[in-house]
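Novice: Predicted model, plus sequence, below.
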Amino acid sequence: MRSSYEYAYAKYLEFQSIPWGYEDKKFDIGYKIYKPDFFFYNEYGKITKIVEIKSRNAKRPLNHW
């Protein structure tokens, strides 16, 4: 895991007995290669959900828009 937030999310998924994969696939989005954090699959092995974990920027206020 690359952060304590990712680690905490993985521990939550394990506690809930939710199967998941970590950085299983890369996507070329034009200006960079994007590797999302968590992947969830259906019973046929097809991706059903992708979750990216981001930490909050402490220097940026919560109401930034």
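Specialist: Good, I have the coordinates.
Novice: From now on I want contacts and neighbour counts done on CA atoms only, so please keep to that.
Specialist: Fine.
Novice: Is it correct that F39 is in contact with V51?
Specialist: Yes - taking contact to mean C-alpha atoms under 8 Å, the distance of 6.5 Å between F39 and V51 places them in contact.
Novice: Which one's more surrounded, those two?
Specialist: Just comparing F39 and V51: by other C-alpha atoms under 10 Å the higher neighbour count belongs to F39, 19 against 12.
Novice: Look at A58 and report its pLDDT.
Specialist: The score at A58 is 63. That number is its pLDDT.
Novice: ditto for S3
Specialist: Per-residue confidence (pLDDT) for S3: 90.
Novice: With the one 5 residues further on instead?
Specialist: In this model, A8 is scored at 96, pLDDT.
Novice: P61 too?
Specialist: Model confidence at P61, expressed as pLDDT, equals 56.
Novice: what comes up buried for stretch 9-29?
Specialist: A10, W20, Y22, E23 (16 or more other C-alpha atoms under 10 Å).
Novice: Against Y34, how distant is the last one?
Specialist: Think E23. When C-alpha to C-alpha, to the nearest Å is the yardstick, E23 and Y34 sit 10 Å from each other.
Novice: quick one on the thing from earlier: looking at the buried residues of stretch 9-29, which are in helices?
Specialist: Counting by DSSP state H, the part of these found in helices is A10.
Novice: export the buried residues of stretch 9-29 to TSV and tack on distance to K46?
Specialist: What follows is those, written out as TSV (distance: C-alpha to C-alpha, whole Å):
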residue	distance to K46
A10	20
W20	12
Y22	15
E23	15
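Novice: between the buried residues of stretch 9-29, which is closest to R56?
Specialist: The closest of the buried residues of stretch 9-29 to R56 turns out to be A10 (C-alpha to C-alpha; 17.9 Å).
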